[in-house]
Every structure is written in structure tokens, then in C-alpha cells.
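> fold the following for me, if possible:
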Amino acid sequence: MKKYFSLSLLLVVSFSVFMFSCRKSDKESTEALRDIDVAQVTVDSVVLHKTYPGFLSSDNSFDVICRVDGMIMTQNYTGGTYVKKGQVLFTVDPTTYRNAVEQAEATLASAISSRDYAKSHYEAVKKALLADAVSKMEVLNAESAYHQAEAAIKNAKAALSTARTTLSYCTVTSPVSGYITDSYQGANSYVNGGGTPVTLAKVYENANFTVQFEIEDLQYEKMLAHPNFINSDLYRAMPLQFRDSLMNRYTADLSYTAPSVDQSTGTITLKGKVKNKDGELKDGMYVMVSLPYGYDPKAMLIKEAAISTDQLGKYIYVVNDSNKVVYTPIEVGEVYQDSLRLVTKGVKPGDKYVTKALLTVRNGEKVNPVLRK
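As a prediction, this is how the structure comes out:
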């Protein structure tokens, strides 16, 4: 009996030591797990967009033209700068045209003098006719000479006005306020603008721009599938993206839809109006237009910062029910509210995914997930 009791006591002690050792091992294993921040895949109703390349064009651009023949004496601006309406840009040698003005002024003065003489003579012969001192024919001749002198004055005034206008063309000013190109013909160049006006530069008014882009006819049909949607305010403010970040954010107001499909490309041309804030935009800039076309009432969203890319494409790390990290390829849609990304394939609502320590976490690693909003 004593031997049996000793053996039983030994078994109990051994079992207790074994259980204590297991509990200690489990505790140490739990304590060894890393805390990893995770978030859950959320579901929300979002507006769907599709991005299209386009380009900006100034609503108003004007040629700076020269309308006279002569040597360009000065260029009074630097290309690419902002010029104001009426600012002097070029001066052309005015010598010939100033002489023409002086000649026209002299011709007018002579015509006025001749008119004054003809008028006095006409008044005199009319009085002489009353005294039968002259014939009626002389009176008619005097009257005719007077009217011709009046007509000569009108011609001289018109010639002087033309000469002065032509002289004014020797000073070339900006037709509008805006940004100006380099000169096509600079100082000391000879221009022949008298017959056909010569373009010297171009000024772009930069307050308002139009963005033009092309969409597939199938995409247009998707837009039409939402009759209330296409008439919504979403098309009054379509988001624009540029290659580099700009100081301001820009949207376009849809203003034009082509009446027909280009059969060679299967696309439709769309245009939108863009306000240029702080003069940041330039004519011809490349831009991406986010065109809204429908709703997804159950869109799955994850944080943009949690997405990584490898040779196979986009992926995230999902933490499964066993708290193990699982490498998970995904397919994504557009960015939502700047920091979230739509996921179209690879996850389901409520899945937990790693949001931090993306460079150190490993596929298959067991972690202690800490849920963060």
C-alpha cells in the first residue's frame, strides 16, 4: 500500500509540473506575439468615377499682329510673362507713316484755305448778281467751286484719319490681359504687315479654361442608365488631377457633349469649364478627368496606405480568424475621400487587414491584432 501511495503521489506531482509547464509555455507564447494595428474592410455607398486623359485650352487667345511694313525697332516684354491690355509690346519704325500724317495735315489745311476762298467768292458773286454785275453762269460756277472745296475737305480729313490710324499701328499693344508667348519676330526684323497682317506673338487670357476629353460610347450608355444621376450637380464639379500636385484643387463643369460618336474611335467628345485659380493653369496642360457615371451602394473600402504593390499587382495583409497574417492579392478601383480605396476583388466586408508595420510583417506570422479606426 505504501508503495502504491508513493507511486500515485509521484504521478500527481509529475502531472502538476507538466500542466504548469504547458500554461507557462502558452503564456510566454502569447506574450511573444507582436501587437499589429489592423482595420476592418468597411462598406459604404459611393459615387463611381472613371478617369480619362484630357488637355486644357484657354477660352480666349489673341494674336498680336502688325499691320504696317517696316523695321521692328523695340520689343518691350519678356516671353512667358503676364501683360496687361493696352501694354506696348513692339514699336515699328514710324518715319514713313509720320511723314504721311504730316502730308495729310498739309493737304487738309490747303483744302480748308481753298474752301474759305471759294466760299467768299461765291458770296461775292451772289451779291454782284443782284446788281446785274455778273451773269448767272458765274454764280453757278462759284457755287460749284465752293461745293467742290467742301468735298475736298472731307477727303482730306478722311486721308488724315487713315494716315493717323496707320501711324498708330506702328505701336503694337496687347489686345487683352494674359500670358504672352515669345516673339515670332524680334527687334531689327523687317515685317510686311501692310498687305496681310503679320502675327508677332500670342496672348492667352488665363481666367477661364476648357478641358476636352474623350469617353467610350459604352461609358456614355452607362451614364444614361442613371437618368437622375446624369442631371445631378456631380457633373458641375468633376475632379481634375495633374501629373504633379498643384497649389489648388480644380474641378470642371461639364458644358458640352458631342452630338455624335466618332465611328473611327468609338468615342464621344466631352468638354468642361475650369476656373483658373491664382493663374496656376496653362494652355495645353495635360489633365486627368474623373468622370462620375453611377453609384455603388455596397462598395468595399480600405485605407490607401495599407496597399502594397509587387510583381503580381496590388496586395494587402489580412489577419484571419486564427490571428495569422495572410498575403492577399486584391483588385482596386478609385480613390475615395483622399485616403480610402475601393476594392473590387480579394476581400469581404469585415475582414481585418494590417495598416502599419507593412515592411516587417510576414505572411503566416501569428500576431496580436489591435483594431484601430
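> same for the helix or strand encompassing Met288, what does it pack against?
Using DSSP states H and E, Met288 maps to strand 286-303. Judged by 3 or more C-beta pairs under 8 Å, 6 or more residues apart in numbering; DSSP states H and E, the packing partners of strand 286-303 are strand 42-66, strand 198-216, helix 217-224, helix 227-230, strand 238-241, strand 331-336, strand 340-345. Where you see a C-beta, it was placed from the backbone N, CA and C, and this is true even at glycine.
> can you lay out these as TSV showing mean pLDDT?
Shown next, in TSV, are the helices and strands packed on strand 286-303 (pLDDT from 0 to 100):
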stretch	mean pLDDT
strand 42-66	91
strand 198-216	93
helix 217-224	85
helix 227-230	66
strand 238-241	92
strand 331-336	87
strand 340-345	92
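> want to try CSV for the ones you listed, with mean neighbour count and distance to Thr74 as columns?
Shown next, in CSV, are the helices and strands packed on strand 286-303 (neighbours: other C-beta atoms under 10 Å; distance: least, C-beta to C-beta, whole Å):
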stretch, mean neighbour count, distance to Thr74
strand 42-66, 17, 13
strand 198-216, 19, 12
helix 217-224, 14, 53
helix 227-230, 12, 55
strand 238-241, 19, 40
strand 331-336, 16, 52
strand 340-345, 17, 57
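> need these in TSV (columns: distance to Glu102).
Converted to TSV, the helices and strands packed on strand 286-303 look like this (distance: least, C-beta to C-beta, whole Å):
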stretch	distance to Glu102
strand 42-66	22
strand 198-216	26
helix 217-224	66
helix 227-230	67
strand 238-241	57
strand 331-336	70
strand 340-345	76
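> picking that back up, now the element after the strand holding Met288, going C-ward?
Following strand 286-303 in sequence, per DSSP H and E, is strand 308-310.
> averaged pLDDT, that following strand. What do you get?
Averaging pLDDT along strand 308-310 gives 93.
> ok, residues contacting that strand?
Residues external to strand 308-310 that are found in contact with it (C-beta atoms under 8 Å, 6 or more residues apart in numbering): 314-316, 358.
> partner strands of the helix or strand following that strand, with direction?
For strand 308-310, the succeeding helix or strand toward the C-terminus, using DSSP H and E, is strand 313-319. When pairs are called by DSSP bridges, strand 313-319 turns out to pair with strand 308-310 (antiparallel), strand 325-329 (antiparallel), strand 352-354 (antiparallel).
> show me what counts as buried in strand 313-319.
Neighbour-count burial for strand 313-319 flags 314-319 (criterion: 16 or more other C-beta atoms under 10 Å).
> just stretch 166-180 next, same as before
Of the residues in stretch 166-180, 166-167, 169-170, 172, 174-176, 178-180 count as buried by neighbour count, 16+ other C-beta under 10 Å.
> what of stretch 303-315?
Using 16+ other C-beta under 10 Å as the test for burial, stretch 303-315 gives 303, 306-307, 314-315.
> save these as JSON lines, and put in distance to Lys84 too.
Formatted as JSON lines, those follow (distance: C-beta to C-beta, whole Å):
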{"residue": "Lys303", "distance to Lys84": "49"}
{"residue": "Ala306", "distance to Lys84": "51"}
{"residue": "Ile307", "distance to Lys84": "49"}
{"residue": "Lys314", "distance to Lys84": "51"}
{"residue": "Tyr315", "distance to Lys84": "55"}
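> on that earlier part again, from the buried residues of strand 313-319, which is closest to Val332?
Lys314 (5.4 Å; C-beta to C-beta).
> wait, the closest one sits on Ile307?
Yes - counting by C-beta atoms under 8 Å, Ile307 is a contact partner of Lys314 at 5.5 Å.
> so what sits against both of those two?
Counting by C-beta under 8 Å, 6+ apart, the residues touching both Lys314 and Ile307 are 330, 332.
> what helices and strands are in contact with the biggest helix by length in the chain?
As assigned by DSSP state H, the longest helix anywhere in the chain is helix 95-130. Other helices and strands packing on helix 95-130, by 3+ C-beta pairs under 8 Å, 6+ apart, are helix 136-168.
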